[in-house]
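J.: Build me a model:
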Amino acid sequence: MTSLPFAASLWLALVWPLVLALRVPVRAVLAGPGRPRRLLDGLWCTAPLPALALAQLAPSGQLLQEWWMLGGVWELDGLRRPLLAFTALLWGLAGCYARGYLAREQARLDAGIDRAGSRLRRFALFWPLTLAGNLLLIVAEDIASFYLGFALMTFAAYGLVVNAGTRDARLGGLAYLVIAVLGEAMLLAGLLWAAGSAGSLTLGGLREAVAGAEQGVWMALLLWLGFGVKAGVVGLHLWLPLAHPVAPTPASAVLSGAMIKAGLLGWLGTLPLGEPGVGGDFRLLGLAMLVTGLVAALGAALYGACQRHPKAVLAYSSVSQMGMITALVAMGLVAPGAWPALSAAVVLFAAHHGLTKGALFLGVGVGEHPPRLPAWLLGGLLLLPALSLAGALGSGLATKWAFKTVLYDSGHQGVVVWLSLAAVGTTGLMARALWRQWQGEVQARHDGLMPLAGPMPLAWLGTLLAAVTLPWWLPTGRPEWPPAGELPGLLWPVALGAGLALVVLAGARRWPRHVAWQLPPGDLWWPLAAAWRYLLARARGPLARCGEWRSTLVESLVARERRAIDRLAAVARGEGWLRRHTAVVMMVTAIVLAMTILGLG
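T.: Take a look at the predicted model:
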């Protein structure tokens, strides 16, 4: 039986962000005109704290609620606990960071500028709503709660993406919304199909049904692609490089660090990973996932190195890193026997990427508004998460050793080689992002430095500390560290990537100034948008002709209707004449009949 403290702490973790979201419009009504309130106050920043306490302190358990929709089942187990822990921590640190990041908006609101107030209120409202959806989908075991959390997180995050209200923000929001709706359609189709086949309303029952159903591989394909929108599967990743640069920096941090892991959690909860009895079709699906993951890992690294905005570079880095995670998840279908050991490495990889990428995104804002630190020290601190993401130290090194050991032991050295090449690309991306960020920081130092004790620097340092110390506090058990003799085999991609970056940088200094080393963020979005405009332009002629045919048909029908009305009117007039002269007509008819009878006689 579920203990009362566990149930209360679980409910508090999910309801508290909703209470703080509801507090925003209530305070706006109570404040009245001319009385601005501090929207991002200390209480607002506590939204993820109950969830963090739940992940770190509460025992594992399950909460059953028959009255909740179709029957709620919420769990905290060995998989959900680490995901909930790093997600809540990142949301909390990013929320504190947002207080400093949006301090100018608050000052404009205090000055009575309505547009600034609307942006700030929108951020203060959609931030906890998105968080509530993110937390619900992590603890939900029943399909209805999981989909509710997933949809809430997806559509509430749109308000964060378009928060700035600029043309680029609207474009990023459009790309995000189009791809999100496409993913929701595939996801809902896959969930309903699998749930109907399973006759079960839990993710565990759905996973068993997918493994045993005759059409299970097609259900798995829909679920892979539906969740793949969040996980940045190649072809469905277009929203990431368009949304990240335009969203507020703290929103970019949670989009790339926490929300993108919702797709991974969906895969882990619904795909028959590690099931030895599944058919060969699932192996083919696993191979397709493996290939697309490696294509994303390598292709995003190459394309992202040609971006100028640091957040666009980091967005492509997220696509590349999630491609590596996709390849590792695919091994659960390709080599089911290796999955039990590999799954722990995947969870560690997800937590490592989430906090490290959060530190990198928050570092972009710190570079734009540098604190009072020596330039060499600030540069060294910005370098730490980049080295960790490349796999050179901290949780990045532990993660790389964890999954490489499993892949080597299971005889998949070829996958290790491809992932190592992707790590070379990650190093190049980090070099590119740091270089662009450093150029912006040099310019920002001329505009003045912010206090080190401000919300932005402190939250960034906290995220950096959490990312560096992740293996020691994440509730997954202490990871194994590689022996000294294995370090050259683990670090050569970092050395090669750094060397290639230096060569490119040296060569770039010799290029003419008019040569622009940049490709537009969004890659496939632009040819697809151009093709859509072309199709619309080509369809205007046939559509115009259809309109003409429609007008002709309508005119013909109207004319026939008028003739029919005229005939009915004539009949009505004849009926009225007969009604008025009925007696005369009857008399005439009787006389005619009588004369006819006499004539016959």
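J.: C-alpha from now on. contacts and neighbour counts both.
T.: Fine.
J.: How are the helices of the stretch 501-601 of the chain distributed by residue range?
T.: 525-580, 582-600 (DSSP state H, counting those that start in this stretch).
J.: what do you get for the stretch 51-200 of the chain?
T.: Listed in chain order, the helices of the stretch 51-200 of the chain (DSSP H, counting those that start in this stretch) span 80-101, 103-110, 114-139, 143-161, 167-198.
J.: Least confident of the ones you listed, on average?
T.: Confidence, taken as mean pLDDT, is least for helix 103-110 of these (a mean of 76).
J.: Pull out the buried residues from that helix.
T.: The neighbour-count check on helix 103-110 (16 or more other CA atoms under 10 Å) flags 105, 106, 108, 109, 110 as buried.
J.: Indicate which one of the helices of the stretch 51-200 of the chain is closest to residue 363.
T.: Nearest to residue 363 among those is helix 80-101 (10.6 Å), distances taken as CA to CA.
J.: chain center to the closest one, what's the gap?
T.: Distance, stretch centre to chain centre, for helix 80-101: 16 Å (CA atoms, centre = their mean, to the nearest Å).
J.: picking that back up, which of the helices of the stretch 51-200 of the chain is buried the deepest?
T.: Highest mean neighbour count of the helices of the stretch 51-200 of the chain: helix 80-101, a mean of 25 (counted as mean count of other CA atoms under 10 Å).
J.: quick one, that helix and helix 114-139 angle?
T.: 170 degrees (axes from the mean of the first three to the mean of the last three CA atoms, to 10 degrees).
J.: Report the angle between helix 80-101 and helix 103-110.
T.: Using the same axes, to 10 degrees: helix 80-101 against helix 103-110 is 60 degrees.
J.: name the helices or strands packed onto helix 80-101?
T.: helix 49-57, helix 114-139, helix 249-254, helix 339-368, helix 455-468 (3 or more CA pairs under 8 Å, 6 or more residues apart in numbering; DSSP states H and E).
J.: Including distance to residue 146, could these go into a markdown table?
T.: Shown next, in a markdown table, are the helices and strands packed on helix 80-101 (distance: least, CA to CA, whole Å):
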| stretch | distance to residue 146 |
| --- | --- |
| helix 49-57 | 16 |
| helix 114-139 | 5 |
| helix 249-254 | 19 |
| helix 339-368 | 19 |
| helix 455-468 | 27 |
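J.: Nearest to residue 8 among those helices would be which one?
T.: helix 49-57 (10.1 Å).
J.: Just the angle for that closest one relative to helix 114-139, thanks.
T.: For helix 49-57 against helix 114-139, the angle by the same axes, to 10 degrees is 30 degrees.
J.: contacting residues around helix 49-57?
T.: Applying CA atoms under 8 Å, 6 or more residues apart in numbering, the external contacts of helix 49-57 come out as 9-10, 12-14, 16, 76, 81-82, 84-85, 88-89, 92, 135, 475.
J.: Let's see that with 7 Å instead.
T.: Outside helix 49-57, the residues that touch it by CA atoms under 7 Å, 6 or more residues apart in numbering are 9, 10, 12, 13, 81, 84, 85, 88, 89, 92.
J.: sec struct for the spatially most central residue of the chain, please.
T.: Against the mean C-alpha coordinate of the chain, by CA atoms, centre = their mean, the closest residue is residue 230 at 3.8 Å. Following DSSP: H, G, I helix; E, B strand; the rest coil, the label given to residue 230 is helix.
J.: Let me know whether it touches residue 263 as I believe.
T.: Yes - the pair residue 230 / residue 263 is scored as a contact, 5.0 Å apart, by CA atoms under 7 Å.
J.: quick one: pLDDT of residue 466?
T.: Looking at residue 466, the pLDDT reads 92.
J.: still on that earlier bit, to residue 595, which of the helices and strands packed on helix 80-101 lies closest?
T.: Comparing the helices and strands packed on helix 80-101 by CA to CA, helix 114-139 comes nearest, at 95.7 Å.
J.: before we move on, back to that, could you dump the helices of the stretch 51-200 of the chain into CSV with distance to residue 356 added?
T.: Converted to CSV, the helices of the stretch 51-200 of the chain look like this (distance: least, CA to CA, whole Å):
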stretch, distance to residue 356
helix 80-101, 10
helix 103-110, 25
helix 114-139, 19
helix 143-161, 21
helix 167-198, 23
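J.: Can you say which of the ones you listed is nearest to residue 391?
T.: Among the helices of the stretch 51-200 of the chain, helix 80-101 comes nearest to residue 391, with 18.8 Å by CA to CA.
J.: what does the closest one rub up against?
T.: Outside helix 80-101, the residues touching it (CA under 7 Å, 6+ apart) are 40, 45-46, 48-49, 51-52, 55-56, 138-139, 250, 254, 258, 351, 355, 454-456, 459, 463, 474-476.
J.: among those residues, which ones are buried?
T.: Buried among those by 16+ other CA under 10 Å: 40, 45-46, 48-49, 51-52, 55, 138-139, 250, 254, 258, 351, 355, 455-456, 459, 463, 474-476.
J.: Centre of the chain to the helix or strand of the chain with the lowest mean pLDDT, how far?
T.: In the chain, no helix or strand scores lower on mean pLDDT, DSSP states H and E than helix 582-600, which sits at a mean of 71. Put simply, helix 582-600 sits 91 Å off its chain's centre (CA atoms, centre = their mean).
J.: closest to residue 393 out of the helices of the stretch 51-200 of the chain?
T.: Here helix 80-101 is closest among the helices of the stretch 51-200 of the chain (CA to CA), at 18.8 Å.
J.: what angle separates the closest one from helix 455-468?
T.: Using the same axes, to 10 degrees: helix 80-101 against helix 455-468 is 160 degrees.
J.: Any buried residues in the one helix or strand residue 241 maps to, and which?
T.: Assigned by DSSP states H and E, residue 241 belongs to helix 239-243. Neighbour-count burial for helix 239-243 flags 239, 240, 241, 242, 243 (criterion: 16+ other CA under 10 Å).
J.: what residues does that helix touch?
T.: Contacts of helix 239-243 (CA under 7 Å, 6+ apart): 161, 172, 173, 175, 176, 179, 312, 315, 316, 521, 522.
J.: how about a cut-off of 6 Å?
T.: 172, 175, 176, 312, 315, 521, 522 (CA atoms under 6 Å, 6 or more residues apart in numbering).
J.: next one: stretch 522-536
T.: For stretch 522-536, using CA under 6 Å, 6+ apart, the contacting residues are 238, 241, 242.
J.: do that again at 10 Å, thanks
T.: 172, 175, 235-243, 300, 303-304, 312, 316, 520, 537-539, 543 (CA atoms under 10 Å, 6 or more residues apart in numbering).
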